[in-house]
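Novice: Pasting the sequence and the predicted coordinates here, then a few questions.
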Amino acid sequence: MKHTMPLLPYPMEALAPKMSKETIEFHYGKHLQTYVDNLNRLTAGTPYENAPLEEMIRTAEGGIFNNAAQTWNHTFFFESLTPSQTPVPAELAEALAKDFGTIEKFQEQFTQAATGLFGSGWTWLVKDNQGKLSVASEQNAGNPLRKGLTPLLVIDVWEHAYYIDYRNRRAAYIAAFWELVDWNKVLERLKA
């Protein structure tokens, strides 16, 4: 199966000024495109040639894992954002309050994890098989699917995600991220 670029659910300029069109052009249009192209090249003629991304994330190693996970992670990230944010739905607010105390405490824990992740990687809101929510950080191409967890929300803290708009100010990027989260998408994933 040939992997293709996912469609953005909004125009490239829609997240500005919190995430500029230039950032989306590079992050989505160049970085993600490179992962997709590399994945197709690396899997050609291998047992993974027709495998879904999730299977590669759970079982592959090396370049195939890295490019499959980065393709999946980036797609999930871009699908987590919206230019038209709505309040946190009541059902999601209840779930977050149950496991974190309040939505604010969840955001604080998530922000601390994303800010404190050394080097490049991802910070996730995940659900375990008992339905408990937690925050998990993964370095490089790491993905919680490998640990049997269900991803609900993610922030990309690789420098390419924020350097055009925020330079080395990761904390400012994370603060802006909270104004772009598609809470309805998070709830949809929680209920799936």
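Specialist: Right, received. Where do you want to start? Numbers count the residues shown, from 1 in each chain.
Novice: The helix or strand hosting residue 153 packs against which elements?
Specialist: Assessed by DSSP states H and E, residue 153 sits inside strand 150-156. Where contact means 3 or more Cβ pairs under 8 Å, 6 or more residues apart in numbering; DSSP states H and E, strand 150-156 is packed against helix 62-79, helix 103-116, strand 121-127, helix 183-191. Using the backbone N, CA and C atoms, a C-beta is placed for each residue, glycine as well.
Novice: between the helix or strand that the first one is followed by and strand 121-127, how big is the angle?
Specialist: Scanning the chain past helix 62-79 towards its C-terminal end, the next helix or strand to appear is helix 90-100 (assignment: DSSP H and E). Following axes from the mean of the first three to the mean of the last three Cα atoms, to 10 degrees, one obtains 100 degrees for the angle between helix 90-100 and strand 121-127.
Novice: tell me the domain boundaries of this protein?
Specialist: Segmentation of the chain into domains, based on automatic domain parsing, reads 21-79, 90-191.
Novice: coming back round to it: Provide the contact partners of the following helix or strand past the strand holding residue 153 at residue level.
Specialist: Next along the chain after strand 150-156, taking DSSP H and E as the criterion, comes helix 163-166. Identification of contacts with helix 163-166 by Cβ atoms under 8 Å, 6 or more residues apart in numbering yields 18, 19, 20, 22, 23, 26, 172, 173, 176.
Novice: Pull the contacting residues for residue 144.
Specialist: By Cβ under 8 Å, 6+ apart, the neighbours of residue 144 are 124, 126, 136, 138, 150, 151.
Novice: Could you do residue 31 as well?
Specialist: Per Cβ under 8 Å, 6+ apart, neighbours of residue 31: 74, 160.
Novice: From residue 71, how far out is it?
Specialist: 10 Å (Cβ to Cβ, to the nearest Å).
Novice: sorry, back to before: what about the contacts of residue 144, which one has the most neighbours?
Specialist: residue 124 (25 neighbours; other Cβ atoms under 10 Å).
Novice: I'm done for today, thanks for sticking with me.
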